[in-house]
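Trainee: Provided below are the primary sequence and the corresponding predicted coordinates.
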Amino acid sequence: MNKKGKFAFCLFEYVPFGGMQRDLLRIIEVCRGRGHRVDVFARYWQGGLPDDLKVSILPGRGLTNHRRCESFAAGLEEFLAEKDYDVIVGFNKMPGLDVYFEADACFAAKARERSSWYRLTGRCRSYLRLERAVFNVRSKTQILLLSKQEKKAFMDHYGTQEERFHLLPPGITRDRLAPDNAGEIRADLRRELAISLDENVILMVGSGFKTKGVDRAIRAVSALSPELRRKTKLLIVGEDKTKKFQRLAGRSGVAERVFFAGGRRDVPRFLVAADLLLHPSYRENTGTVLIEAMASGLPVLATDVCGYGYHVERAKAGELVPSPFRQETLNHKLFSMLTSDKKGKWQKNGMAYIAGTDVFSLPEKAVDIIERVAL
């Protein structure tokens, strides 16, 4: 695109360490690197702002979160209708978008699994309205697709035209690749955390502990044999409330085996310091950390609901827990992987797969499509 465009990026809320939020900033960086102007509109923003980025906060009205989201979306659509932006890009579902970055799974599919009473609630109806505005057949919104498995769900529920979907590659950063001094970093971080080199470190990464399955992970650690449990620690990196999970760890007898590290900007250090990535999510549109783990040479144990789980299978870089989920299956697979002689093979397979697969260009490919829509 020779023309330098004026782009509006829209989202409900920005919180540090969120996967969608990281993608947002990286896409903005590529846009600005190509000379485009980007203005951001959000209902809520937590944390510092990137240099020279114009962010307008438009708080929605309402007593509940879903009402505030609808209010924000309606007000923003009206506001932007009077502006001269070349393209309007949404990172949450809302009306009036030219491009939607598909960061969330199909809400209609999730709602169908709930009770008929839930589908009558204001929350459900609000989010269905927002989703329908993007995916209905009359909409012309182009969809930047992150998960192939979600494409079918959207098409089944809304009849969305296939040509509106544009599949993006995963988008990890190159600092996730295992560095030459990985062994030194591993030793340094373990020393900081008072973890010996012969202990098993199970790593979880991601905010939203309930959705990510932290409860499942704690139960799986507690189910290890006493001998293995004594030399195993679960490190949880991410921003969320920890109290109920700490209580669960206490009731399960593994309080001293579970460590909450909070949100961190040095995740690559944790990836090379660990022995296994555990990601037993209840639902997961993508699961970028699965790709990051393979790039770092870390074997993966995840649930098969993760959108990027098929990469783990293709690479033969770990194991997936099949659906429907059973805690006993996770417990067994965790024990098996921690005691397996395949660790080195999983590590090599994952790194070889990453070396031969495009897992870095999500921001650039996303901007290519945004530019085409803006023409």
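Mentor: Good, I have the coordinates.

Trainee: burial measure for Asn65, as a count.
Mentor: 15 (other Cβ atoms under 10 Å). In short, each C-beta sits where N, CA and C put it, glycine included.

Trainee: could you do Ser225 as well?
Mentor: For Ser225, the tally of surrounding residues (other Cβ under 10 Å) stands at 11.

Trainee: what ranges do the strands span in the stretch 51-200 of the chain?
Mentor: 54-57, 87-90, 99-101, 142-145, 165-167, 200-205 (DSSP state E, counting those that start in this stretch).

Trainee: out of those strands, which gets nearest to Ala74?
Mentor: strand 87-90 (13.4 Å; Cβ to Cβ).

Trainee: what sits against Gly287?
Mentor: Shown in contact with Gly287 (Cβ atoms under 8 Å, 6 or more residues apart in numbering): 279, 281, 302, 306-309.

Trainee: equivalent analysis for Leu25, please.
Mentor: Contacts of Leu25 (Cβ under 8 Å, 6+ apart): Pro50.

Trainee: now it: how far from Ile202?
Mentor: 29 Å (Cβ to Cβ, to the nearest Å).

Trainee: same check on His36?
Mentor: With distances taken as Cβ to Cβ, His36 is found 42 Å from Ile202.

Trainee: so for these two, which sits in the more crowded spot?
Mentor: Set side by side, His36 and Ile202 show more neighbours around Ile202, with 24 against 21, by other Cβ under 10 Å.

Trainee: the more buried one touches His279, doesn't it?
Mentor: No: if you go by Cβ atoms under 8 Å, Ile202 and His279 don't touch, sitting 10.5 Å apart.

Trainee: how many neighbours does Leu58 have?
Mentor: Here the number of neighbours of Leu58 (other Cβ under 10 Å) works out to 15.

Trainee: go on, Glu163?
Mentor: Counted with other Cβ under 10 Å, the neighbours of Glu163 add up to 7.

Trainee: against Asp86, how distant is it?
Mentor: Distance of Glu163 to Asp86, given as Cβ to Cβ: 21 Å.

Trainee: the closest residue to Ile291 other than its chain neighbours and Arg37, how far apart?
Mentor: Leaving out its chain neighbours, the residue that sits closest to Ile291 by Cβ to Cβ, 6 or more residues apart in numbering is Pro170, at 4.7 Å. Taking Cβ to Cβ as the measure, Pro170 and Arg37 are separated by 28 Å.

Trainee: looking at those two, which is more packed in?
Mentor: Set Pro170 next to Arg37 and count neighbours by other Cβ under 10 Å: Pro170 wins out with 22 against 14.

Trainee: check contacts around that one.
Mentor: 286, 288, 291, 308, 311, 359-360, 362.

Trainee: OK, contacts around Leu177?
Mentor: Leu177 is in contact with 295-296, 354, counting by Cβ under 8 Å, 6+ apart.

Trainee: nice, that's everything, thank you.
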